[in-house]
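Enquirer: Next input, structure requested:
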Amino acid sequence: MFDSLNAETLARMQFAFTVSFHIIFPAFSIGLASYLAVLNALWLRTRDATYLTLFTYWKKIFAVAFGMGVVSGIVMSYQFGTNWSVFSDKTGPVLGPLMAYEVLSAFFLEAGFLGIMLFGRERVGDKLHMFATAMVAFGTLMSATWILSVNSWMQTPTGYSINALGQFVPEDWWAIVFNPSFPYRLVHMVLAAYLTTALVVGGVGGLHLLRNRTDAPARRMFSMAMWMLIIVAPLQILAGDFHGLNTLEHQPAKVMAMEGHYDSHPHGAPLILFGIPNPTEKRIDYAIEIPQLSSLILKHKWGAPLNGLDTIPDADEPPVAIVFWSFRVMVGLGMAMLGFGVWAAWRRYRGRLYDTPMLHRAAIVMGPMGFVAVLAGWVTTEVGRQPFTVYGVLRTSDSLAPVAAPAVAASLLAFIVVYFFVFGAGTFYLLRMMNKPAATPHLGLKDGPIRTAGSTQITQKHPDAHPSE
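Expert: Below you'll find the predicted structure:
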């Protein structure tokens, strides 16, 4: 299967495979950690046991997802030494400290408070437990900040010089960390994580509402997920627009590939909705397009000129077909999320949020779509940067370690087999946990006064009443 592939292609395939597995877990845990902090704060404020039920339910799922993310991240990082040692040598003075800051300021923060969040409520008291939960959530956001800074610097490198050994040497750390694409990419990724989590929570809530529409925790989690969806989906579309404008400024070839613009359009570029990229003839076959709309979106001006890939040397062009389709998958799913959120908002307005089985079935279908959108976005970002590892400066072909193709192929096959069993089993366990309904936890005497959902009485510790969302 790998006989005709060279070491560079195999190393890229291996990194793409491992990073694809890895990113789905941080994308979930970032949003879920914040959701847990909100649930815990609402429990402490209202003493509504439904919030505690949901916190206990989702913290177990978070623990498993967090552990899988850590393991997959460690495996992925080894490839910088095995397959990409030249890249590590050249960029190490810049990227090494940033990765160390991520471990010291973010991962240690998450790991240090994780045990208290999971097991410490009855041992440390409500206030310290809430602080620990907030620190875990803050740690996940800090981790995303540092990692996005690293990746954004590779997309838009600034604040460096190159020494006699060909290494990138830091000159201005502020410019390195806060490089031109970093703010846009950070906001886009964090919002994507929140959308991903909202869709998973909504899917689980929809599943249990189909089984029992009077299930109070299911109603509450579904309601909260739909609120998050209708708020964040429009913000993500707006953030995506700003991110696209920034990419056009700093990585025009990537946007050309995303749009499928092989040719320049001096009098306004059409928006190509669908088509089949033809790299041999350098055109989009069977294109379905809307005249002038790409100019309006990218330049905010009807008829604005846009350059095409005919202005880029062939050796510097990204793989158009992959970027073209991954971008459409991401955008299409983003619009589907917005449409689903509007549908849920309409059913809420009509008082039928919990009495619409079709909506709940759609929530189950949409449950994994956040992960698909995140993967499509990362494919667009990373493949669109090719043929460079550090955009415009260091080529991928010059970043490879001196490894033989058979060795990379063997390790890639080993990764595929091990990941299939290890992460397949972990994902299966997560799905089993989500398949079970949320059970009311045991509440000790020092948990404080408890009230049922929709009531102010302090007489029941295992509520069956409907929540008044």
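Enquirer: Tell me who's in contact with the closest residue to residue 279 other than its chain neighbours.
Expert: Nearest in space to residue 279, with sequence neighbours left out and distances taken as C-beta to C-beta, 6 or more residues apart in numbering, is residue 320 at 6.0 Å. For every residue, glycine as well, the C-beta is placed using N, CA and C. By C-beta atoms under 8 Å, 6 or more residues apart in numbering, the residues touching residue 320 are 257, 260, 262, 277, 279, 309.
Enquirer: Show me where the stretch 351-469 of the chain has its strands.
Expert: In the stretch 351-469 of the chain, the segments counted as strands under DSSP state E, counting those that start in this stretch are 388-390, 394-395.
Enquirer: The shortest one - contacts with which helices or strands?
Expert: Here strand 394-395 touches helix 85-102, strand 388-390, going by 3 or more C-beta pairs under 8 Å, 6 or more residues apart in numbering; DSSP states H and E.
Enquirer: Where do the strands of the chain begin and end?
Expert: For the chain, the strands defined by DSSP state E occupy 160-162, 168-170, 271-278, 283-290, 388-390, 394-395.
Enquirer: So which residues make contact with the last one?
Expert: Right, strand 394-395. Residues external to strand 394-395 that are found in contact with it (C-beta under 8 Å, 6+ apart): 87, 90-91, 387-389.
Enquirer: just checking, what's the longest helix in this structure?
Expert: In terms of residue count, the longest helix belonging to the chain (DSSP state H) is helix 7-46.
Enquirer: So which bits of it are buried?
Expert: Under the neighbour-count criterion of 16 or more other C-beta atoms under 10 Å, helix 7-46 has 7-8, 10-15, 18-40, 42-43 buried.
Enquirer: Could you do stretch 46-64 as well?
Expert: 47-59, 61-64.
Enquirer: Same question for stretch 353-365.
Expert: So for stretch 353-365, counting by 16+ other C-beta under 10 Å, buried means 353-354, 356, 359-360, 362-364.
Enquirer: List of residues touching it?
Expert: In this structure, residues lying in contact with stretch 353-365 by C-beta under 8 Å, 6+ apart are 199, 202-203, 205-207, 209-210, 213, 219, 222-223, 225-226, 340, 343-344, 347, 469.
Enquirer: Buried only: go through those residues for me.
Expert: For those, buried by 16+ other C-beta under 10 Å: 199, 202-203, 205-207, 209, 213, 219, 222-223, 225-226, 340, 343-344, 347, 469.
Enquirer: circling back to that earlier point, buried subset of the contacts of residue 320 as a ChimeraX selection?
Expert: Only the buried entries of those go into this ChimeraX selection, using 16+ other C-beta under 10 Å:
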select :257,260,262,277,309
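Enquirer: The contacts of residue 320 in helices, which ones?
Expert: residue 257.
Enquirer: As JSON lines, the contacts of residue 320 with pLDDT and distance to residue 111 would be great.
Expert: Converted to JSON lines, these look like this (pLDDT from 0 to 100; distance: C-beta to C-beta, whole Å):
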{"residue": "257", "pLDDT": "91", "distance to residue 111": "39"}
{"residue": "260", "pLDDT": "89", "distance to residue 111": "44"}
{"residue": "262", "pLDDT": "89", "distance to residue 111": "48"}
{"residue": "277", "pLDDT": "89", "distance to residue 111": "44"}
{"residue": "279", "pLDDT": "87", "distance to residue 111": "46"}
{"residue": "309", "pLDDT": "89", "distance to residue 111": "45"}
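Enquirer: Nearest to residue 96 among the contacts of residue 320?
Expert: residue 257 (30.6 Å; C-beta to C-beta).
Enquirer: give the contact list for the nearest residue to residue 235 once chain neighbours are set aside.
Expert: Leaving aside its chain neighbours, residue 235 sits nearest to residue 191 (5.9 Å; criterion: C-beta to C-beta, 6+ apart). Residues in contact with residue 191 (C-beta under 8 Å, 6+ apart) are 232, 235-236, 239.
Enquirer: measure residue 211 to residue 85 for me?
Expert: Residue 211 sits 53 Å away from residue 85, going by C-beta to C-beta, to the nearest Å.
Enquirer: which one of those two has more residues nearby?
Expert: The residue with more neighbours, out of residue 211 and residue 85, is residue 85; 17 against 11, by other C-beta atoms under 10 Å.
Enquirer: measure the more buried one to residue 222 for me?
Expert: Counting by C-beta to C-beta, the separation of residue 85 from residue 222 is 49 Å.
Enquirer: Over to residue 100?
Expert: 41 Å.
Enquirer: And the pLDDT at residue 27?
Expert: What the model reports for residue 27 is a pLDDT of 87.
Enquirer: and what of the one 3 residues further on?
Expert: Note on residue 30: pLDDT of 90.
Enquirer: Not counting its neighbours along the chain, what's nearest it?
Expert: Of all residues not flanking residue 30 in the chain, residue 193 sits nearest, at 3.9 Å (C-beta to C-beta, 6+ apart).
Enquirer: Now do the same contact list for the one you found.
Expert: 26-28, 30-31, 144, 374.
Enquirer: Need the residues you listed in CSV (columns: distance to residue 116).
Expert: Listed next are the contacts of residue 193 as CSV, based on distance: C-beta to C-beta, whole Å:
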residue, distance to residue 116
26, 21
27, 24
28, 21
30, 19
31, 21
144, 21
374, 29
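Enquirer: Near the closest residue to residue 199 other than its chain neighbours, how many other residues are there?
Expert: Spatial nearest neighbour of residue 199, excluding adjacent residues (C-beta to C-beta, 6+ apart): residue 370 at 4.3 Å. Neighbours of residue 370 under the rule other C-beta under 10 Å: 28.
Enquirer: Relative to residue 147, how far out is residue 370?
Expert: To residue 147, residue 370 is 18 Å away according to C-beta to C-beta.
Enquirer: got it, and residue 205?
Expert: Residue 205 sits 30 Å away from residue 147, going by C-beta to C-beta.
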